[in-house]
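Asks: My questions are about this predicted structure, shown below with the sequence.
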Amino acid sequence: MHKESDIRLPLILGDKSYKDITDDVIRPIEANPPKTWYLLLMISVVIALWGIGCIVYLLGTGVGVWGLNKTVGWAWDITNFVWWVGIGHAGTLISAVLLLFRQKWRFAINRAAEAMTIFAVMMAGLFPLIHMGRLWLGYWVFPLPNQFGSLWVNFNSPLLWDVFAISTYFSVSLVFWYIGLIPDFATIRDRVTKPIFKKVYRVLSFGWTGDAKAWNRFEQVSLVLAGLATPLVFSVHSIVSFDFATSVIPGWHTTIFPPYFVSGAVFSGFAMVQTLMLILRKAYKLEAYLHVKHIEYMNIVIIVTGSIVGVAYITELFVSWYSGVEYESYAFLNRATGPYWWSYWAMMTCNVISPQLFWFKKLRTSLMFSFFMSIIINIGMWFERFVIIVTSLHRDYVPSSWTYFHPTWVDIGVYMGTLGIFFVLYLLFSRYFPVLPIAELKTILKSSGKNYKEDYGKGKGYWDKHSAH
Amino acid sequence: MADKVIFAMYDDDDKLMDGAKHLVANKVKVSDVYSPMPLHGIDSIIGVEPTRLAITAFMYGLTGTMLAIIGIRYMMIIDWPMNIGGKPNFSLKENMLSFVPIFFEFTVLCAAHGMAITYLIRNKTLPGMPPRNPDPRTTDDKFVMEIKTSENAHVSEKDLSKLIKDTGFIEIEEKSIL
């Protein structure tokens, strides 16, 4: 057990013991869900069913029911894909990168953020699948021997890199999440009394025992998985950006895309974590574990990544002019002043100007303001993808084919539907899974708990009487 | 004398750690410790060997890289070279750069899943496996030390119970192994 510096603020407030941590996290699982939970679940299920209906209609009729036309061949489908993948970046960043940096505050958010990641990547994966048009041939993206020769997939193509990147990212994140969940499921298994719960958690906990060797392996596996997942976080969104950057469309063909997409992804991911965690802490009474300091740390990440995104936007503008290529210059001039000016300026306001408000300590420690800002950033980041995709396409090299993209009700329905499915999964997660990592929180209680930190140096504190091992 | 297993329970991790140090200093072998969270430093006290899982991850990763190189070389160079704008399609070396992303992803895929599966098997944690912790409270807030008399034949029974008593446990349980 390490003694933490005295000037660091405690991460766990209140007078908590190991038992309290178990109780606080498991209480909502044992209790009957409140009415609001059922209400929210019902709303989400209705939206999800509507979305599934739209997808079925789309698959039955064809991609023509989307608002795409000859000039704008990619619009909301790929916008939503990139938006969801971006959101899916925060979870693994929090659990992997912050683990490598030994940031203890990650324990307040990592479990819920990883769940968000997994559900968001599922939603993202849906879009390339449905926009193939023939969902049942989705397995063609894998290099399987076939009766055409064999005709293999093209390993030179960024779209195939994407298949490998997203499926690796999804499955590794899932494994990482589940390995962390096993000891916590064991805690629930040994505690719940309902026979059905007992049985289910017994299966879910895989017979976890918690002996010294198991914990020794657990820590090693977490560390190595974090080491493997960290380059994965950066590679996945770089590869998503290659879908655009390796093409020859002005506005897409830029070398700045990989870092710009990665920081944008972290930016939007943290905004979504903020949105979800601010509700979760209130609903599940987790204020002692996730308090203003944690929110402030997340807002600092948002300022840093938001500023990188802002610099990238401005660099792009400058380079488009400096390049001296008319097509390139026009693509960016058209973004800012063309028919889609409103989406460009919505993006600029939401993503570049508004996060800068977090430089004020009063604002970045305000929960209401953080929640409001997280919604603004989510909207802004959706617009970013929309701007990149649609404004680069809608005016191509031949002015006679210039068009304007109008989404149809199917475009909107599919997008809303993925939000519905996401929230159904998230609500189920928050009800039946431990939303905080119980075992890992216990490891920081003595070093970062308020009751263990206070009164140090006056002879009465815990660390006055105990030495570090 | 039948061999016995002694489970001493503590309500604090520091008490268990100090207790384990005390026992080990008096040449008592502590076979295992059950705790609700990882106890940093217990491994060196009770003599748990460092795990070799990281080495297996490296080997799985290396296997993944090799498989990816061999597979892509077979598919893209030997079996069906694709003509994409007349770019060289007859040598792995000249196409290497655009294959790197998948080499990398496949390496990570194999390393992560290979290690995770090995971890689950080595820990005997698989779906449907029975839990083997001596007391359900060890996943909540209690810490249990396991001492086997068969491993401590060199210490007399009286000395052993006195040494364990000194550690300040809150509960003790003895089980005979038949």
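Replies: Yep, that arrived.
Asks: Using the three-state scheme, assign A:L59.
Replies: The three-state label given to A:L59 by DSSP: H, G, I helix; E, B strand; the rest coil is helix.
Asks: try B:E173
Replies: Applying three-state DSSP: B:E173 is strand.
Asks: Just give me the neighbour total for residue 29.
Replies: By default, I'm working from chain A. 19 (other Cβ atoms under 10 Å in any protein chain shown). All C-beta atoms are positioned from the backbone trio N, CA, C, and that covers glycine.
Asks: The intended chain is chain B.
Replies: Neighbours around B:K29, by other Cβ under 10 Å: 16.
Asks: That one contacts B:T149, correct?
Replies: No: at 10.1 Å, B:K29 and B:T149 do not qualify as touching, with contact defined as Cβ atoms under 8 Å.
Asks: quick one: contacts for B:I84?
Replies: A:N154, A:N156 (Cβ atoms under 8 Å, 6 or more residues apart in numbering or on different chains).
Asks: do you know how far it is from B:N95?
Replies: Using Cβ to Cβ, to the nearest Å, B:I84 is found at 10 Å from B:N95.
Asks: Check the contact lists of those two and give me the overlap.
Replies: In contact with both B:I84 and B:N95: A:N156, using Cβ under 8 Å, 6+ apart.
Asks: domains for chain B, by residue range?
Replies: Listed domain ranges for chain B are B:3-50+B:131-177, B:53-122 (source: automatic domain parsing).
Asks: Would you tell me which of those gets closest to A:L93?
Replies: domain B:53-122 (15.5 Å; Cβ to Cβ).
Asks: helices or strands up against the host helix or strand of A:D24?
Replies: A:D24 is part of helix A:18-30 when elements are defined by DSSP states H and E. Packing partners of helix A:18-30 (3 or more Cβ pairs under 8 Å, 6 or more residues apart in numbering or on different chains; DSSP states H and E): helix A:158-189, helix A:409-432, helix A:438-448.
Asks: Now find how far off-centre that helix is within its chain.
Replies: Centroid separation for helix A:18-30 versus its chain: 26 Å, with Cα atoms, centre = their mean, to the nearest Å.
Asks: want to throw the helices and strands packed on helix A:18-30 into a markdown table with mean neighbour count and distance to chain B?
Replies: A markdown table is the format used below for the helices and strands packed on helix A:18-30 (neighbours: other Cβ atoms under 10 Å in any protein chain shown; distance: least, Cβ to the nearest Cβ, whole Å):
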| stretch | mean neighbour count | distance to chain B |
| --- | --- | --- |
| helix A:158-189 | 22 | 4 |
| helix A:409-432 | 19 | 17 |
| helix A:438-448 | 23 | 4 |
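Asks: May I see those helices organised as a markdown table, with mean pLDDT added?
Replies: Converted to a markdown table, the helices and strands packed on helix A:18-30 look like this (pLDDT from 0 to 100):
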| stretch | mean pLDDT |
| --- | --- |
| helix A:158-189 | 92 |
| helix A:409-432 | 93 |
| helix A:438-448 | 85 |
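Asks: Model confidence score at residue 13, please.
Replies: Since you didn't name a chain, this refers to chain A. pLDDT for A:L13: 83.
Asks: look at chain B instead
Replies: 84.
Asks: Distance check, it against chain A.
Replies: Separation of B:D13 from chain A (Cβ to the nearest Cβ, to the nearest Å) stands at 7 Å.
Asks: Which single residue of chain A ends up nearest chain B?
Replies: Of all residues in chain A, A:G207 sits closest to chain B, at 3.0 Å by Cβ to the nearest Cβ.
Asks: In which helix or strand does that residue reside?
Replies: Using DSSP H and E, A:G207 sits in no helix or strand.
Asks: Assess the claim that it and B:N133 are in contact.
Replies: No: contact criterion Cβ under 8 Å: A:G207 and B:N133 do not qualify, at 9.5 Å.
Asks: if we can go back for a sec, now tell me what touches the helix holding A:D24 from outside.
Replies: Residues from elsewhere that reach helix A:18-30, judged by Cβ under 8 Å, 6+ apart: A:12, A:14, A:16, A:184, A:187-188, A:191-194, A:197, A:284-286, A:288-289, A:430-436, A:438, A:441-442, A:445, B:36, B:140-141.
Asks: Smallest gap between chain B and chain A, at which residue?
Replies: Chain A sits closest to B:M129 of chain B, with a gap of 3.0 Å, by Cβ to the nearest Cβ.
Asks: Please list all residues in contact with that residue.
Replies: Contacts of B:M129 (Cβ under 8 Å, 6+ apart): A:F206, A:G207.
Asks: Give me the phi and psi angles of it.
Replies: phi -70, psi 140 (degrees, to the nearest 10).
Asks: per-residue pLDDT, it?
Replies: pLDDT, B:M129: 84.
Asks: Identify the single longest helix in chain B, thanks.
Replies: helix B:92-122 (DSSP state H).
Asks: So is it next to chain A?
Replies: Yes: Helix B:92-122 is in contact with chain A by Cβ under 8 Å from any Cβ of the partner chain, via B:95, B:98-99, B:101-102, B:104-106, B:108-109, B:111-113, B:115-116, B:119-120, B:122.
Asks: how long is stretch B:64-81 end to end?
Replies: In stretch B:64-81, first residue to last residue: 23 Å (Cα to Cα, to the nearest Å).
Asks: if we can go back for a sec, can I get the helices and strands packed on helix A:18-30 in a markdown table with distance to A:I21?
Replies: Shown next, in a markdown table, are these (distance: least, Cβ to Cβ, whole Å):
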| stretch | distance to A:I21 |
| --- | --- |
| helix A:158-189 | 10 |
| helix A:409-432 | 17 |
| helix A:438-448 | 5 |
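Asks: So for B:M75, which of the ones you listed sits nearest?
Replies: Using Cβ to Cβ, those put helix A:158-189 closest to B:M75, at 11.2 Å.
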